[in-house]
Every structure is written in structure tokens, then in C-alpha cells.
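S.K.: Everything below, folded, please.
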Amino acid sequence: MVVAIRLARSMGHRHRPFYRIVVADKQFKRDGRFLERVGTYDPLPTREGAKYVTLDIDRIKYWIAEGAQPTERVSILLGKAGILPPWYGSPNKWKTPEELSSETVSEDAES
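M.R.: Take a look at the predicted model:
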């Protein structure tokens, strides 16, 4: 069973999304069954400009240790929370700050 940590849309109204961060089998539907709810995410900013995220950090670390694979958006959220390395650059590759700076230096040398 391949397990993913992903967003499941719930409790939102039309044009007002609200997501639960869930651990689910990859074969389950996006809004279908899940194994455990580990957080919430409100993508629309408040008047102050804040987007609210709640995370159960201990359970997320447990599921990652068990082999759960976070989706791209959840990876970005976990990177901002400090659970995973920060997300840099293209959606297909994790980049460390050193790799990012070396690419910038090599692009400047080519110009």
C-alpha cells in the first residue's frame, strides 16, 4: 500500500476552499477515505494577509518515517513549517541553497 500525505477538500463553500491535510492510500479518491487527518489548510488569505495552516507535527513525522510521500503542495507547506527541507525552484527537484547558488554562478559565467 503506497501512502500519500495530501490535501482533501472539505467543509468549504463554492469559491471558498478549505482543505484537510490527510494521510491516505494513493488509490483512494481525493475527497474519499483516508487513514488519518493530520492538519488543515486555508489557502485564502485573511485581511491581514495570513494563510492558516494547522499541523500535527508528531504524526506527520511518524507517517513520513513509515514511507508516506507528501504531494507537491503539502511538501511546500511542510518545508515552510520546517519539517522537510525548503522547496526551491522547479517542481520536479529538491534544491538546497548551495545548489541554487551554484546554478546562479554558472548562469552568470555563461552570460
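
S.K.: Which residue, other than its chain neighbours, is closest to the most centrally placed residue in the chain?
M.R.: Centroid-nearest residue in the chain: Val74, 1.2 Å away (criterion: CA atoms, centre = their mean). Among residues not flanking Val74 along the chain, Ile5 sits closest, at 5.1 Å (CB to CB, 6 or more residues apart in numbering). (Each C-beta comes from the backbone N, C-alpha and C, glycine too.)

S.K.: Next, the contact list for the one you found, please.
M.R.: Shown in contact with Ile5 (CB atoms under 8 Å, 6 or more residues apart in numbering): 21-23, 38, 60, 63-64, 68-71, 74, 78.

S.K.: Make CSV from those residues and add secondary structure, distance to Gly32 and pLDDT to it.
M.R.: Formatted as CSV, the contacts of Ile5 follow (DSSP: H, G, I helix; E, B strand; the rest coil; distance: CB to CB, whole Å; pLDDT from 0 to 100):
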residue, secondary structure, distance to Gly32, pLDDT
Ile21, strand, 15, 93
Val22, strand, 10, 92
Val23, strand, 13, 93
Val38, strand, 16, 93
Ile60, helix, 20, 91
Trp63, helix, 18, 91
Ile64, helix, 22, 91
Ala68, coil, 17, 90
Gln69, strand, 18, 89
Pro70, strand, 18, 90
Thr71, coil, 15, 87
Val74, helix, 17, 89
Leu78, helix, 22, 89
